[in-house]
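>>> Turn this into a model:
(chains A and B)
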Amino acid sequence: MELTKDEKSALKGEQGETLETAYRILVATGEATDAEKLVPIEWAHLSGVNYNTIGDAGEEFLSSISKNARVKVKTTLNPMGFDIDNVKNYDLDENFISKQLSIRNSYETMGVIPSFSCIPYEIFDIPKDGTQVAFAESNAAIHANSFDNLKTNKESAFSALASAIVGKSPYSSLRKEDSPNITIRMKVKNPNELTYGMLGFFAGKVGDTSVNISGLGEMDKRQTKAMCGGMGTSGTCAKFNFGEGDSDCEKIDFDEKEMQTVHDELNTAEKGDIITLGSPQLGLDEISDLAGKLKGRSFQKRCMVFMPRTVKEQSTKIGYTAELERAGCEILADCCTCLSPLISKDSVDAVTTNSIKGAFYLKNSNGVGVNLKPLLQIVEDETR
Amino acid sequence: MKVLVSGKAEGIILKSEKSINFLGTVDKKTGIISDENHDLYQKSIKDTILVFPSGVGSSVGAYTIYSIKSNGTAPLAMICTKADLTVATGCALANIPVIVIPDDEFVTLQTGQKITLDTESNSIISQK
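Model prediction:
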């Protein structure tokens, strides 16, 4: 990768330790993704926020780097481990809470907007077409590249942080015009959001950097997010190109059989003890829709509903929060199903969810069983 | 051959034919692989020259690599066949040398071999 004179000097450490570290990360990223130079970015979105995932070393690293590092561009970040408003209702130890608050403090000190959301594309204004950004959250990177006309690499937690501090990111293959060599043909009839989640999970396994996809039909926001979340979970792929692609592309069908294979891998329980909704977090449209579906009905078991804080505030103003709470939902801001410390196998055997991304991490990280159902069926089966 | 993170290390190879998801399957305190479906199950990657195809999975896995380095349980160097950002950036921050080698070279490396890896040298990998 070619660096300018100024960039070389920063890499050598002539502009301080923080920039030296950041440039070392960007150079490794550039070498790994065959980038020939760095390009300016306008927005970074960070992962590595939840104490459950980054641990003590992560907390100490952020505490140390935040003494000097400041972000140079608009920077938002992923969910953390809990909602401070109701954390006392969950069995979480003091150490977890204090370490998580230290992580929050470090990011805020660096100038990061405390959005604690995995759906930045839904709660912030989207910049103009073709804008270069650096998104670490996998579902957000895929959504940005595929649906928002933005350009991002599928960043790691460190490459996004380094990009935020420097204001530049390697000019990697995903930032350029690409032509995938695989086309996935969606063949399943009458798909719901669970179907699209499984399609995404399947696509992530067969694709490398990006895939063509055809036969999608009209999709709503819930389905779009499910597909991006599914793909981000299973592989390294970070973009859907819509259409059949060139004639020499390898064509792979996603039909009932392929769907069943994904379902069998992730659906490990007949029923759940609790229900979780939101992975990715729910936006205002989905909350409105859920409130409508729950009119006059109540959940018969615990139902955790995850959303960004800004969405919770809007929902409260409009009255959705009260309606959801009346129906028995636990409303959680700033956190998410995925890698949540609030769901423990000590107290829960299995979780019912409509999220493929959530299912994967519940199974592998939380170690609980998963019962997959689309939202409509969850409401039908679990409320009265 | 491509250098992702430069540096020098001397040690004994631990080789895996499978990719590694650092988040969730590598114990941060011990460096032991906890995934029972993995060919390195119950083996420690501490102080090895870790040879494997590539890292996969969550963007947060980079923090796991940084954690094992902080805990003294990290490999001395890593050798992959495919570059991925979790390994590249985790090792960049932790100062663990990483190179990417072609498949025909990958097959010549075996667990137990003692090698020197020096990204500044003309022959980056030399066997003892």
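>>> helix or strand for the residue nearest to A:K363 when sequence neighbours are not counted, which one?
Excluding its sequence neighbours, the residue lying closest to A:K363 (CB to CB, 6 or more residues apart in numbering or on different chains) is A:V370, at 5.3 Å. Backbone N, C-alpha and C define where each C-beta goes, glycine included. Under the criterion of DSSP states H and E, A:V370 resides in strand A:369-372.
>>> Could you do B:I99 as well?
In this structure, B:I99 is located in strand B:98-100 according to DSSP H and E.
>>> And that strand, how far out from the chain middle?
How far strand B:98-100 lies from its chain's middle: 8 Å, per CA atoms, centre = their mean, to the nearest Å.
>>> which element follows it toward the C-terminus?
Going down the chain from strand B:98-100, the next helix or strand is helix B:103-106, by DSSP H and E.
>>> That next one vs chain A: in contact?
No: between helix B:103-106 and chain A, judged by CB under 8 Å from any CB of the partner chain, nothing touches; the nearest distance is 15.6 Å.
>>> again, but for stretch B:78-97
Yes: when contact is scored as CB under 8 Å from any CB, part of stretch B:78-97 falls within range of chain A: B:83-93.
>>> From the residues you listed, pick the one nearest A:T383.
B:T86 (40.4 Å; CB to CB).
>>> returning to that earlier point: strands paired with the strand holding B:I99, and their directions?
Strand B:98-100 pairs in its sheet with strand B:2-5 (antiparallel), strand B:77-80 (parallel), by DSSP bridges.
>>> Could you report the neighbour count for residue 51?
Went with chain A since none was named. As a burial measure, A:Y51 scores 23 neighbours (other CB atoms under 10 Å in any protein chain shown).
>>> try chain B instead
Burial measure for B:V51: 23 neighbouring residues, criterion other CB under 10 Å.
>>> For it, give the beta-bridge partners.
Under the criterion DSSP bridges, B:V51 forms beta bridges with B:K15, B:I79.
>>> Quick check: it touching B:G11?
No: the pair B:V51 / B:G11 is not scored as a contact, 11.0 Å apart, by CB atoms under 8 Å.
>>> circling back: using TSV, please lay out the residues of stretch B:78-97 next to chain A together with pLDDT and neighbour count.
As requested, the residues of stretch B:78-97 next to chain A are arranged in TSV below (pLDDT from 0 to 100; neighbours: other CB atoms under 10 Å in any protein chain shown):
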residue	pLDDT	neighbour count
B:A83	88	20
B:D84	86	25
B:L85	89	30
B:T86	89	29
B:V87	94	31
B:A88	95	31
B:T89	94	33
B:G90	95	32
B:C91	96	28
B:A92	94	32
B:L93	93	26
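>>> From A:L375, how far off is the residue lying closest to B:G57 once chain neighbours are set aside?
Here the nearest residue to B:G57 in space, its sequence neighbours aside, is B:N21; by CB to CB, 6+ apart that works out to 3.8 Å. Between B:N21 and A:L375 the distance is 29 Å, computed by CB to CB, to the nearest Å.
>>> How about A:L294?
As judged by CB to CB, A:L294 and A:L375 stand 11 Å apart.
>>> anything in stretch A:94-107 sitting right up against chain B?
No: contact of stretch A:94-107 with chain B (CB under 8 Å from any CB) is absent, the minimum separation being 11.1 Å.
>>> what about dumping the CA coordinates of that stretch to PDB?
Once non-C-alpha atoms are left out, stretch A:94-107 reads as follows in PDB (Å, rounded to 0.1, in the frame of the first residue of the first chain):
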ATOM      1  CA  GLU A  94     -21.200  -5.300  40.100                       C
ATOM      2  CA  ASN A  95     -17.900  -5.900  38.300                       C
ATOM      3  CA  PHE A  96     -19.700  -6.300  34.900                       C
ATOM      4  CA  ILE A  97     -21.600  -3.100  35.400                       C
ATOM      5  CA  SER A  98     -18.500  -1.000  36.500                       C
ATOM      6  CA  LYS A  99     -16.300  -2.400  33.700                       C
ATOM      7  CA  GLN A 100     -19.100  -1.700  31.100                       C
ATOM      8  CA  LEU A 101     -19.500   1.900  32.400                       C
ATOM      9  CA  SER A 102     -15.700   2.300  32.100                       C
ATOM     10  CA  ILE A 103     -15.900   1.200  28.400                       C
ATOM     11  CA  ARG A 104     -18.800   3.600  27.800                       C
ATOM     12  CA  ASN A 105     -16.800   6.400  29.400                       C
ATOM     13  CA  SER A 106     -13.700   5.700  27.300                       C
ATOM     14  CA  TYR A 107     -15.600   5.900  24.100                       C
END
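>>> how about the residues of the stretch 251-384 of chain A near chain B?
Applying CB under 8 Å from any CB, we find that the stretch 251-384 of chain A lies next to chain B at A:364-365.
>>> which residues does the residue nearest to A:K363 form a beta bridge with?
According to DSSP bridges, the partner residues bridging A:V370 are A:V351.
>>> how about the residues of chain B near chain A?
Where proximity means CB under 8 Å from any CB, the interface of chain B facing chain A comprises B:2-5, B:23-24, B:28, B:56, B:58-63, B:66-67, B:70-71, B:83-93, B:98, B:100.
>>> hmm, who's touching stretch A:312-323?
Stretch A:312-323 has contacts (CB atoms under 8 Å, 6 or more residues apart in numbering or on different chains) with A:284, A:287-288, A:290-291, A:294-295, A:307, A:324, A:331, A:333.
>>> can you pull out the strands in chain B?
Listed in chain order, the strands found in chain B under DSSP state E are B:2-5, B:8-15, B:49-51, B:77-80, B:98-100, B:114-118, B:125-127.
>>> what does chain A give?
Counting by DSSP E, the segments of chain A that form strands are A:38-40, A:43-46, A:74-77, A:134-135, A:168-170, A:182-186, A:211-214, A:240-242, A:250-254, A:274-277, A:303-307, A:329-333, A:350-353, A:369-372.
>>> Find the one among these with the highest mean neighbour count.
Among the strands of chain A, the stretch with the highest mean neighbour count (mean count of other CB atoms under 10 Å in any protein chain shown) is strand A:134-135, at a mean of 32.
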